[in-house]
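Chemist: next comes the sequence, and after it the predicted model I'd like to discuss.
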Amino acid sequence: MGLEIERKFKVKELPKNIDSFPYRLIEQGYLNVSPAIRVRRDNDEYYMTYKSAGVSIAKTEYNMELDKDSYYKLLNKIDGNIIRKKRVLIPLNDDAYEKEYLESHEKLKNLIDEGLMKIELDIFEGVYEGIIIAEVEFDSLEDADNYKMADWFSTDVSDDYRYSNARMSMAQNLDDYDL
């Protein structure tokens, strides 16, 4: 099992050059929301994920590969709505960290320099059309705490359970979301 450390942000505007970045098409449904047990299609890859309960930005996560048939069988058993989104992979903002912080955190600096840290911009479709959330994953809580959000983000919603995809899958309408 791995540890996922992730912060989520509402977005005030899309980057102007958004069409120049690679993206993935994601479809997922939840068999359980707390702890989260989901099945996901990510382009042409299929898997089931266990993610621990809670609202912390750090959660235990485990992925298990599925074949296409198993995915669709399990998708028929989900509770709530299917979540569909376009995930755009955008380079981390240039001002994400103070220079001094990067100088003392070589691993993080290397990840950024090699373009391995990304902003994952989720543009929701279908039932959730209008919701746009940016996510950034980190190797440590310290890196997450020291991250400065991009200027096109608006609000940190990392601790707002409404923006958990598991909780979103159970939403009956979008009235709870400031679009």
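Modeler: Happy to help now that I have it. Numbers count the residues shown, from 1 in each chain.
Chemist: all strands for the protein, in order.
Modeler: Under the criterion DSSP state E, the chain contains strands at 2-11, 23-33, 36-42, 45-51, 58-66, 79-91, 118-125, 132-138, 153-156.
Chemist: with respect to Glu106, which of the ones you listed lies nearest?
Modeler: strand 132-138 (15.2 Å; CB to CB). Placement of C-beta: from N, CA and C, glycine included.
Chemist: name every strand pairing with the closest one and say which way it goes.
Modeler: strand 2-11 (antiparallel), strand 118-125 (antiparallel) (DSSP bridges).
Chemist: pick the most deeply packed of those.
Modeler: strand 118-125 (a mean of 20; mean count of other CB atoms under 10 Å).
Chemist: now the residue positioned nearest the centre of the chain. Nearest residue, chain neighbours left out?
Modeler: In the chain, the C-alpha nearest the mean C-alpha coordinate belongs to Glu135, at 4.6 Å (CA atoms, centre = their mean). Once flanking residues are discounted, Glu135 sits nearest to Glu120: 4.5 Å by CB to CB, 6 or more residues apart in numbering.
Chemist: need the pLDDT of that neighbour.
Modeler: Looking at Glu120, its pLDDT reads 98.
Chemist: for the residue nearest to the centre of the chain, give me its contacts.
Modeler: 6-9, 119-122 (CB atoms under 8 Å, 6 or more residues apart in numbering).
Chemist: can you give me the distance of it to Tyr161?
Modeler: 15 Å (CB to CB, to the nearest Å).
Chemist: bridging residues for the residue nearest to the centre of the chain?
Modeler: Beta-bridge partners, per DSSP bridges, of Glu135: Lys8, Glu120.
Chemist: run through the chain and note the low-pLDDT ranges.
Modeler: Of all residues in the chain, those with pLDDT under 70 make up the ranges 1, 54-55, 173-179.
Chemist: got the end-to-end distance for stretch 157-164?
Modeler: 9 Å (CA to CA, to the nearest Å).
Chemist: begin at 22 from here
Modeler: From this message on, residue numbering opens at 22, which makes the last subject stretch 178-185.
Chemist: give me the buried positions along it.
Modeler: 178-179, 184-185 (16 or more other CB atoms under 10 Å).
Chemist: and that stretch, how far out from the chain middle?
Modeler: When C-alpha coordinates are averaged (CA atoms, centre = their mean, to the nearest Å), stretch 178-185 and its chain have centres 11 Å apart.
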